[in-house]
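Participant: for reference, the sequence and a predicted model appear below.
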Amino acid sequence: RAFGDFQKLTADLPGEPLFETIPDFHNTTSRLAALKDAIQADPLGRVKEVQKEIDWYLSREADCHLVVDYLKSGELPLLGSGKIPKRVTHNDTKLNNVLLDERTGRALCVIDLDTTMPGSAIYDFGDMIRTATSPAAEDEKDISKVTMRMFMFEALVQGYVSSAKSFLT
């Protein structure tokens, strides 16, 4: 709910768009190019160990540019006249970036605003799902610990949409 409130409160900020503090942070086209460069360089000789994962990502190459292109054009062809508008996005939507009331446990505000910049609500929502639905740390080496907790996903959807439904298109 806190991140939905953050986006709702910033949805109609007047004036010039925010500065892009980390260029291409969510630019999946640039990220794919960097991945291909890393695969080609293979500096630690581990490409063979993760070839299955590499093949999975590369098989989705045609989709990597979609959100980036839709944000640039403002059009979402898959939905006819739909649009993906640029919004103010937090870009670090981890639960530890929400200040909570010690007594009630309710969200007071979103903190750690250094990565706030123009983007898509898709970025913030997706990153929140990625970081909050697995009980494992982001850098967990034992992938058997990395799981998707659907009850967390459902709670995040419910909370986010309860705040964001008024401005989402």
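Facilitator: All right, it came through fine. Numbering: from 1, shown residues only.
Participant: please tell me how far residue 53 sits from residue 59.
Facilitator: With the distance defined as Cβ to Cβ, to the nearest Å, residue 53 ends up 11 Å from residue 59. To be clear about C-beta, it is placed using only N, CA and C from the backbone, and glycine gets the same treatment.
Participant: same question for residue 167.
Facilitator: When distances are taken as Cβ to Cβ, residue 167 and residue 59 turn out to be 34 Å apart.
Participant: more neighbours: which of these two?
Facilitator: residue 167 (16 against 9; other Cβ atoms under 10 Å).
Participant: show the contacting residues for the more buried one.
Facilitator: Residue 167 makes contacts with 7-8, 11, as judged by Cβ atoms under 8 Å, 6 or more residues apart in numbering.
Participant: do residue 127 as well
Facilitator: Residues near residue 127 by Cβ under 8 Å, 6+ apart: 91-93.
Participant: phi, psi for it please.
Facilitator: Dihedral angles of residue 127 (phi, psi; degrees, to the nearest 10) stand at phi -70, psi -40.
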